[in-house]
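Novice: Dropping a prediction and its sequence here:
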Amino acid sequence: MAIHDAALQKGDELKGKVALVTGATKNIGRAIARSLAAAGATVAVNSRASKEDGDRVVKEITDAGGIAQAFVADIADGAAVEAMVKSINERFGGIDLLVLNASVRKQTHITEMSFEEWRRIMAISLDGSFHCVKACLPTMTKRGGGAIVTLGGMMALSGAKNRVHGSVVKHGLVGMTRALALDLAEFGIRVNCVSPGQMNTPPAGEPVVVPSPSKAVPLGRKGEPEEIASTVRFLCGPGSSFISGQTFHVNGAQMMY
């Protein structure tokens with residue numbers, strides 16, 4: 001079975017669930033939104049500024065028989081997150097699943113990095129995750145629990161040249177995952193982290209190269225967004241009902257912990 005087919009295989013394990021996926025308009029976020037919809041979830045597709053980008057993903061989902069709607073909000077803005085979640089609750093009745101995927105890729109040496117750039121990365125990945133969790137918790141608890149999945153990265157543990165800010169936020173998300181898993185267990189909310197390795201996700205506007213070999217990865221290639229999406233789908237579903245506070249490294253054996 002092809003990677004794309006496996007991730008988008010029709011199922012009903014998430015039927016009746018509502019999922020919010022942040023940064024869901026391209027690459028891994030798009031793949032996650034489509035995979036959760038294929039599993040039966042109703043998906044709120046978040047984009048930072050472009051409803052048009054969100055609508056494209058929604059159309060892909062609805063064309064495949066799923067249910068989705070686009071919602072625009074910069075998750076670094078707490079008020080914007082509150083307004084978005086309120087709209088989702090009014091439209092779909094609440095949120096059961098939260099996937100914290102939104103992030104910004106920036107490569108800047110520490111000697112050239114401004115505080116404004118540092119703060120922007122922190123604001124989206126860490127502050128944004130805080131805003132989303134706080135806004136979603138009321139309905140998640142009322143609906144009997146749910147699942148939260150954060151998106152980490154190998155640089156959380158290895159570091160990365162020219163990405164001090166990126167390494168810090170990814171490490172911070174691992175800590176947030178573990179702490180939230182303890183805080184939210186009493187509400188039946190599970191929290192896990194998926195840490196992708198080298199992925200076949202080029203910057204916006206550049207074509208994906210297929211195949212994408214990598215000598216650094218023992219499996220001999222870069223991962224595809226759908227392979228991360230499949231892991232997220234599992235962690236949102238009933239098959240992972242006793243898993244919480246864990247980090248899943250999806251990196252083709254490049255790094256093992």
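Specialist: Alright, I've got the coordinates. Numbering: from 1, shown residues only.
Novice: Distance from stretch 186-198 to the middle of the chain?
Specialist: 10 Å (C-alpha atoms, centre = their mean, to the nearest Å).
Novice: whoops, I mixed them up, stretch 75-95
Specialist: The mean C-alpha position of stretch 75-95 is separated from the chain mean by 17 Å, C-alpha atoms, centre = their mean.
Novice: what do you get for stretch 176-192?
Specialist: 16 Å.
Novice: In PDB, could you pull the C-alpha coordinates for that stretch?
Specialist: Extracted C-alpha coordinates of stretch 176-192, given in PDB (Å, rounded to 0.1, in the frame of the first residue of the first chain):
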ATOM      1  CA  MET A 176       4.900  20.900  27.700                       C
ATOM      2  CA  THR A 177       3.700  17.500  26.400                       C
ATOM      3  CA  ARG A 178       4.900  15.700  29.500                       C
ATOM      4  CA  ALA A 179       3.600  18.300  32.000                       C
ATOM      5  CA  LEU A 180       0.200  18.600  30.200                       C
ATOM      6  CA  ALA A 181      -0.200  14.800  30.200                       C
ATOM      7  CA  LEU A 182       0.000  14.900  34.000                       C
ATOM      8  CA  ASP A 183      -2.200  17.900  34.500                       C
ATOM      9  CA  LEU A 184      -4.900  16.700  32.100                       C
ATOM     10  CA  ALA A 185      -5.000  13.000  32.900                       C
ATOM     11  CA  GLU A 186      -7.800  13.600  35.400                       C
ATOM     12  CA  PHE A 187     -10.000  14.900  32.600                       C
ATOM     13  CA  GLY A 188      -9.400  11.900  30.400                       C
ATOM     14  CA  ILE A 189      -7.200  14.000  28.000                       C
ATOM     15  CA  ARG A 190      -4.100  12.300  26.600                       C
ATOM     16  CA  VAL A 191      -1.100  14.400  25.400                       C
ATOM     17  CA  ASN A 192       1.700  13.100  23.200                       C
END
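Novice: what does that stretch contact?
Specialist: Applying C-beta atoms under 8 Å, 6 or more residues apart in numbering, the contact partners of stretch 176-192 are 126, 129-130, 133, 137, 140-141, 144-150, 152, 193, 235, 240-241, 243-248. C-betas here are computed from N, CA, C, even on glycine.
Novice: what about 7 Å?
Specialist: Where contact means C-beta atoms under 7 Å, 6 or more residues apart in numbering, the residues beyond stretch 176-192 that reach it are 129, 133, 140-141, 144-150, 193, 235, 243-248.
Novice: Any regions of the stretch 101-250 of the chain where pLDDT drops low?
Specialist: 155-158, 162, 202-215 (pLDDT under 70).
Novice: so what's the backbone phi/psi at the residue lying closest to residue 102 once chain neighbours are set aside?
Specialist: Spatial nearest neighbour of residue 102, chain neighbours left out: residue 23 (3.2 Å); criterion: C-beta to C-beta, 6 or more residues apart in numbering. When read as degrees, to the nearest 10, the backbone of residue 23 gives phi 60, psi 50.
Novice: Run through the residues that contact residue 23.
Specialist: For residue 23, counting by C-beta under 7 Å, 6+ apart, the contacting residues are 29, 46, 101, 102, 103.
Novice: hey, where'd the helices end up in this protein?
Specialist: 3-7, 27-38, 51-63, 78-92, 115-122, 128-142, 155-158, 164-184, 225-236 (DSSP state H).
Novice: ok, the closest residue to residue 53 other than its chain neighbours - contacts?
Specialist: Leaving aside its chain neighbours, residue 53 sits nearest to residue 25 (4.0 Å; criterion: C-beta to C-beta, 6+ apart). Counting by C-beta under 7 Å, 6+ apart, residue 25 makes contact with 47, 50, 53, 54, 57.
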